[in-house]
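Student: This is a predicted model, with the sequence first.
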Amino acid sequence: MPSNAILHEATQLYNVSDRLDSLAEEHPLVSEALITISGSVRNTATLLEVLVATKMGPLAGLDPANA
């Protein structure tokens, strides 16, 4: 299902954001920039989830309370 593929990419983006946050802790000289980029990536992942929820409808078998 196309929505699952999009949600998978959103999950991948959340993982990238987490890794950028970790790198920010290890590299103080560029930490501010990495945190900013991490936030942008996380926001993009959230927007993908909103896109799926609003344009593609709820996924079968997905409990909205646990999403």
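Tutor: Looks like it came in fine.
Student: Let me see the ranges of the strands in the protein.
Tutor: Counting by DSSP state E, the chain forms no strands at all.
Student: Could you point out the longest helix of it?
Tutor: helix 2-26 (DSSP state H).
Student: which residues sit against that helix?
Tutor: The contact list for helix 2-26 (Cβ atoms under 8 Å, 6 or more residues apart in numbering) reads 30-32, 34-35, 37-39, 41-42, 44-46, 48-49, 51-52, 56-57, 59. For every residue, glycine as well, the C-beta is placed using N, CA and C.
Student: Show me what the mean pLDDT comes to for it.
Tutor: The average pLDDT within helix 2-26 is 96.
Student: Next one: residue 55, what pLDDT does it get?
Tutor: Reading off the model, residue 55 has pLDDT 89.
Student: so how many other residues sit close to it?
Tutor: Residue 55: 9 surrounding residues under other Cβ atoms under 10 Å.
Student: Would you check how far apart residue 44 and residue 14 are?
Tutor: As for residue 44, its distance to residue 14 is 10 Å (criterion: Cβ to Cβ, to the nearest Å).
Student: Can you check which residues contact both of the two?
Tutor: By Cβ under 8 Å, 6+ apart, no residue touches both residue 44 and residue 14.
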